[in-house]
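Peer 1: Need coordinates for the below:
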Amino acid sequence: MTSLTGTGVLLRFNLRRDRLMIPAWVAVNALMVLSMPNTLESLYGTPAERADLLHQVAANSSLRALIGPVFDDSLGALTAWRVGVYAGALAAATGLLVVVRHTRDEEESGRQEMLSSGVVGRRASLTAALLAAAVANGVLALLVTAGLAGRGVAGALAFGLGLGAVGMLFATTAAIVAQVTESARLARGVTAGVLGAAFVLRASGDSVSTDGSSVLTWLSPLGWLSQLRPFAGERWWVLLLFAAAVAGQGALAYVLAGRRDVGMSFVPTRPGPASGRLGTAAALAWRLQRGALLGWSVGFLLAGVVYGGLTDGVADLVGDNAKAREIFERMGGQSGITDAFLASMTGMLGLVAALYVVASVLRLHGEETSMRAEPVLANAVGRLRWAAGHLVIAFGGSALVMLLAGLGLAVGYGKETGTVLGACLVQVPAVWVIGGLTVLLYGLAPRLAPLAWGVAGAVLLIGWVGPALDVPQVVLDLSPFGHLPKLPGGQMEWAPVLVLLALAGVLVAGGLAGLRRRDLTT
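Peer 2: The predicted structure follows:
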């Protein structure tokens, strides 16, 4: 038996398990990319408008830090500029989630040991996980290439391959981290931290250079994606950087996988105390989730500072472009362009905060399915008390990250601190509705709990892409965020806020009632 025996069977099994997750992530990413050319064409339909945009980007270091430099005024080049960084980050997230799910998650749950007792090679699991990530990124590359081919075949191919390469680079990064760490949660966190560092490096480099020539930009794989320059004189040799990084990281992951036992790691988790700060279920929940909350808090604070710094220049960037003004007004309300921009940014931060609350609530599902909840509940700890510790962190943490985002916006903007803070906090009821729906799914039908990611993704897609595509208001109203008052600039309306808070409470109560009555997942 070779070390790759059983890879094909495991690959089919992985793809079957991910038959909902992979298509959802790939579809959201592809739709975000492919919807952009028409939007940009309506915003900057003339060469003069596109030339003015290039001038504004070159003069605005904050905008370059947020999105990156632009190298050409064609619609294809503008598309790659506008969504490249975020589509690359989303592809990276897909790759790392798929690999950790089928490697460290399997070992942590004990399923890998059962599989390894059969005719399965030592490196078959890792190979199947990487191939599943390759399928996801390959499909994304094909969709993007086919969808943008009308703007230029060479540019579309370069952009598609670049996105797929970013996804595979972080998939192999996750493969290494999965060998080093003993916890799937830690593996995801460390790899996500690497992705965050790559974004910061690229942003720092692009902010000081108009052409992406900074050393910091070249230290980031997300910077490599922009330096590939799709639709702007493609630099095909940049793909060799991706290939070398993927091959090197993959080889290292294979070496590490062959030198450890199943379930073990090179950096084992340090056992914690059984008393003191971990003497209660709430303290245990805090210990388990504090790292994630810290990471989200720092990210939201920094994002707020960046968005706040862009606010003063947004009026000059939009100028007399009626379509751009209309999009901001659909996202942020029909007020002054500065207030509309702030309202749209607070709305976007609220949409992203919904991802945090889903991840935090689903920690309950992870604790249960990994059978770590049973020893806790075997003591004098009721189910509601156990769940309450995690839910306080989930719902309280989402309010905290929005508060920090508001503080960051106020620091970056330098004006209207109270107004900006209120605009961020008014997003919390809608975030809590998404969290309440996650609790309901988990409490009543734990097997369906991961569908909460699909709900959060759909809400994010509606809020992000919907206004740009001019979708009907009835579609925007499917999202709880569509019913919130548009602050700053609009009138504060308490009725929808109170209704959303009440709805969130009902959903949480229903989920907890279901959790109390059903059997634990085995």
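Peer 1: Distance from the helix or strand that contains Thr338 to the middle of the chain?
Peer 2: In the assignment (DSSP states H and E), Thr338 maps to helix 337-369. Chain-centre distance of helix 337-369: 10 Å, with CA atoms, centre = their mean, to the nearest Å.
Peer 1: What of stretch 211-227?
Peer 2: 21 Å.
Peer 1: what's that stretch in contact with?
Peer 2: 68-69, 71, 80-81, 84-85, 88-89, 92, 162-163, 165-166, 169-170, 198-199, 201-202, 204-206, 208-209, 235, 238, 241-242, 245 (CB atoms under 8 Å, 6 or more residues apart in numbering). For glycine as for every other residue, the C-beta is placed from the backbone atoms N, C-alpha and C.
Peer 1: Restricted to buried residues, select those residues in PyMOL.
Peer 2: Remark: buried members of those, expressed as a PyMOL selection using 16 or more other CB atoms under 10 Å:
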select buried, resi 68+69+71+80+81+84+85+88+89+92+162+163+165+166+169+170+198+199+201+202+204+205+206+209+238+241+242+245
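Peer 1: Could you check the pLDDT of the closest residue to Thr311 other than its chain neighbours?
Peer 2: Leaving aside its chain neighbours, Thr311 sits nearest to Tyr413 (4.8 Å; criterion: CB to CB, 6 or more residues apart in numbering). For Tyr413, the pLDDT comes out at 78.
Peer 1: sorry, back to before: which SSE is immediately downstream of the helix holding Thr338?
Peer 2: Following helix 337-369 in sequence, per DSSP H and E, is helix 373-377.
Peer 1: ranges for the helices of the stretch 1-150 of the chain?
Peer 2: Secondary structure of the stretch 1-150 of the chain (DSSP state H, counting those that start in this stretch): helices at 7-17, 21-34, 36-43, 47-59, 61-67, 75-102, 104-109, 111-116, 124-148.
Peer 1: Could you do the stretch 401-522 of the chain as well?
Peer 2: Counting by DSSP H, counting those that start in this stretch, the helices of the stretch 401-522 of the chain are 417-425, 428-444, 451-469, 473-476, 494-517.
Peer 1: deepest of these, which one?
Peer 2: Greatest average neighbour count among the helices of the stretch 401-522 of the chain goes to helix 428-444 (a mean of 26), per mean count of other CB atoms under 10 Å.
Peer 1: Just the mean pLDDT for that one, thanks.
Peer 2: 94.
Peer 1: Please name every helix or strand in contact with that helix.
Peer 2: helix 337-369, helix 383-413, helix 451-469, helix 494-517 (3 or more CB pairs under 8 Å, 6 or more residues apart in numbering; DSSP states H and E).
Peer 1: didn't Ala77 look like it was pressed against Val83?
Peer 2: No: checked against CB atoms under 8 Å, the pair Ala77 and Val83 is beyond contact range at 11.8 Å.
Peer 1: Alpha carbons of stretch 287-305, as PDB, please.
Peer 2: Provided in PDB are the C-alpha atoms of stretch 287-305 (Å, rounded to 0.1, in the frame of the first residue of the first chain):
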ATOM      1  CA  ARG A 287     -11.600  30.800  27.100                       C
ATOM      2  CA  LEU A 288     -12.600  29.100  23.900                       C
ATOM      3  CA  GLN A 289     -13.800  32.200  22.100                       C
ATOM      4  CA  ARG A 290     -11.600  35.100  23.300                       C
ATOM      5  CA  GLY A 291      -9.000  34.700  20.600                       C
ATOM      6  CA  ALA A 292     -11.600  34.900  17.800                       C
ATOM      7  CA  LEU A 293     -13.200  37.900  19.400                       C
ATOM      8  CA  LEU A 294      -9.900  39.700  19.800                       C
ATOM      9  CA  GLY A 295      -9.100  39.100  16.100                       C
ATOM     10  CA  TRP A 296     -12.500  40.400  14.900                       C
ATOM     11  CA  SER A 297     -12.200  43.400  17.300                       C
ATOM     12  CA  VAL A 298      -8.900  44.400  16.000                       C
ATOM     13  CA  GLY A 299     -10.000  43.900  12.400                       C
ATOM     14  CA  PHE A 300     -13.100  46.000  12.800                       C
ATOM     15  CA  LEU A 301     -11.300  48.800  14.500                       C
ATOM     16  CA  LEU A 302      -8.700  49.000  11.700                       C
ATOM     17  CA  ALA A 303     -11.300  48.800   9.000                       C
ATOM     18  CA  GLY A 304     -13.200  51.600  10.700                       C
ATOM     19  CA  VAL A 305     -10.100  53.800  10.700                       C
END
